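**Student:** Let's see this in three dimensions:
(one chain, ligands or ions: 2)
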Amino acid sequence: MHILVTGGAGYIGSHTLIELYHAGHTAEVADNLANSSVEAVRRVEKMLDVSIPFHQLDVCNAQALDQLFSHQPFDAIIHFAGLKSVGESVQNPLRYYSTNITSSLNLLSVIKKYHIPHLIFSSSATVYGTPESLPLTENSRTGIGITNPYGHTKYMIEQIMRDFAQSNPTVAITLLRYFNPIGAHESGAIGEDPHDVPNNLLPYIAQVAVGKRPEVQVFGDDYPTPDGTGVRDYIHVVDLARGHVAALAPAQPGVHTYNLGTGKGTSVLELISAFSAACKKELPYRIVARRPGDIAECYADSQKAAQELNWHPTKSIADACRDSWRWQSQNPNGYR
Ligand code: NAD
Ligand code: UFG
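**Tutor:** Ligands and ions are numbered 1, 2, ... in the order given. Below you'll find the predicted structure:
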């Protein structure tokens, strides 16, 4: 299949390009580089020895998007493009609503106009808000207890896509709810490259490991979890990328929702310890106050993806820390 990958220069998008080509697909990337570097795509091209057309465009620009589709037929779209910083979304909600929702609306318009049969959307475990019970299945309650505009955009876009699918019965839409992506490609050539202070735990730990930051701040040790620190379902980004390839298999029209996680919870202290083992030095950390809006625990039931997509994550936390350390130590300044 020939796939348009929006946000393909970003963290998850660049890893997905590799898995798409490994599976025999081809791709083009549309990205405005708001949070990425074209160097990520160049490195993927070098690794695969292929040329991947790169369109530097804002998916919120309906005209530019229409022009792209009028010149090139695509068999499917994988829509990664969007803004993802939880804290920034609280500071600047309009930017988040505008970017994440407008880009999705624009894509749905071209899907309708150009009869694109399948859209895969990057949703998030954040749509589950405060979990009623664990593990989270695709039928778990959504929308209650989402604490930030970023999370609201994911919840709203899922609803928009369901409404769209109802009125366009030939289209398949796959909503992939990611848990916590970590790690990097095992080559060390591509990885996560946050432009500012990392918001997420693993890239923060990696920057402490490489000496860019003095210590990890652990946000609370008084949660009702085994060691008191927050527990999440960390999934290796390459396993996650393979989930997109699995989801491309011919999908029936309608909406399909899948959790992509491992089903296993790991605490903040366990992740710091795993990374310390990978980089072979004890990483300093300090317990500080809880971060507002955080939940104690979150992990997936991913059996639906296993059964229907034949998708099975294969990589461990140790693999993710080793790969992330390889990327971070080989590229201390990311793509710059
Ligand atoms: P990322 O920031 O690395 O990638 C997003 C890409 O989209 C970037 O390359 C950015 O330049 C591009 N982009 C942003 N706005 C754009 C626009 N208007 N037009 C064109 N391109 C635009 O983030 P990521 O971690 O790779 O996340 C990819 C998707 O997965 C996002 O939608 C994110 O919300 C979602 N997601 C991520 C996580 C996570 O923890 N990384 C978890 C759940 C869901
Ligand atoms: N944490 C720290 N110190 C840090 C950063 C995080 O202790 O410097 C803790 C958090 O309190 C939490 C855990 O590490 O217990 C994971 O935090 P992250 O910020 O890495 O991840 P979250 O689960 O809070 O959020 C992530 C994404 C969201 C997404 C959500 C669910 O950032 O976009 O997963 O998919 F919505």
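
**Student:** Assumed Q307 was part of a helix.
**Tutor:** Yes: checked against DSSP: H, G, I helix; E, B strand; the rest coil, Q307 lies within a helix.

**Student:** Isn't N100 up against S85?
**Tutor:** No: N100 is beyond contact range of S85, at 11.5 Å (criterion: Cβ atoms under 8 Å). In short, each C-beta sits where N, CA and C put it, glycine included.

**Student:** who in the stretch 51-200 of the chain is up against ligand 1?
**Tutor:** 58-60, 80-84, 99, 103, 122, 124, 178, 180-181, 200 (Cβ under 6 Å from any ligand atom).

**Student:** Go back to these and keep what's next to ligand 2.
**Tutor:** 84, 124, 178, 180, 200.

**Student:** From K84, how far off is the second one?
**Tutor:** When you say that, I think you mean S124. Noted for S124: a distance of 8 Å to K84, by Cβ to Cβ, to the nearest Å.

**Student:** nearest spatial neighbour of the residue of the stretch 1-150 of the chain found nearest ligand 2, skipping sequence neighbours?
**Tutor:** When scored by Cβ to the nearest ligand atom, the stretch 1-150 of the chain has T126 as its residue closest to ligand 2, at 3.0 Å. Leaving aside its sequence neighbours, T126 sits nearest to G151 (Cβ to Cβ, 6 or more residues apart in numbering; 3.9 Å).

**Student:** cool, P224 as well?
**Tutor:** A296 (5.7 Å).

**Student:** Could you check the pLDDT of that neighbour?
**Tutor:** Listed pLDDT for A296 reads 96.

**Student:** Also D196?
**Tutor:** In the predicted model, D196 carries a pLDDT score of 86.

**Student:** helix, strand or coil for it?
**Tutor:** coil.

**Student:** before we move on, what about W327?
**Tutor:** Going by three-state DSSP: W327 is helix.

**Student:** Spatially nearest residue to it, not counting backbone neighbours?
**Tutor:** G191 (3.1 Å).

**Student:** Thought I182 was touching the one you found, still the case?
**Tutor:** No: the pair G191 and I182 does not pass the contact test of Cβ under 8 Å, sitting 10.0 Å apart.

**Student:** Closest residue of the protein to ligand 2?
**Tutor:** Counting by Cβ to the nearest ligand atom, the chain gets nearest to ligand 2 through G230 (2.1 Å).

**Student:** What confidence value was assigned to that residue?
**Tutor:** pLDDT, read off for G230, is 98.

**Student:** same check, this time on G145
**Tutor:** pLDDT, G145: 95.

**Student:** Over to the one 5 residues further on?
**Tutor:** Per-residue confidence for Y150 comes out at a pLDDT of 97.

**Student:** Could you list the residues in contact with the helix or strand hosting it?
**Tutor:** In this structure, Y150 is located in helix 149-167 according to DSSP states H and E. Under the contact criterion Cβ atoms under 8 Å, 6 or more residues apart in numbering, helix 149-167 has outside partners 82-86, 88-90, 93, 96-97, 100-101, 104-105, 108, 112, 119, 121, 123-124, 126-127, 129, 142-143, 146, 171-173, 175, 253-255, 257.

**Student:** Show me what the helix or strand bottoming out on mean pLDDT in the chain is packed up against.
**Tutor:** Lowest on mean pLDDT, DSSP states H and E among the helices and strands of the chain sits helix 86-91, with a mean of 94. Applying 3 or more Cβ pairs under 8 Å, 6 or more residues apart in numbering; DSSP states H and E, one finds that helix 86-91 makes contact with helix 93-96, helix 149-167.

**Student:** Using CSV, write out every CA atom in stretch 140-147.
**Tutor:** Taking Å, rounded to 0.1, in the frame of the first residue of the first chain, the C-alpha atoms of stretch 140-147 are listed here in CSV:
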residue,chain,number,x,y,z
SER,A,140,-13.7,1.0,29.6
ARG,A,141,-15.4,4.3,30.3
THR,A,142,-13.9,7.3,28.4
GLY,A,143,-14.1,11.1,28.8
ILE,A,144,-14.5,11.3,32.6
GLY,A,145,-11.6,12.8,34.5
ILE,A,146,-9.5,14.0,31.6
THR,A,147,-7.6,16.8,33.1
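
**Student:** starting at the chain centroid, how far to it?
**Tutor:** From the chain centre to the centre of stretch 140-147 is a distance of 19 Å (Cα atoms, centre = their mean, to the nearest Å).
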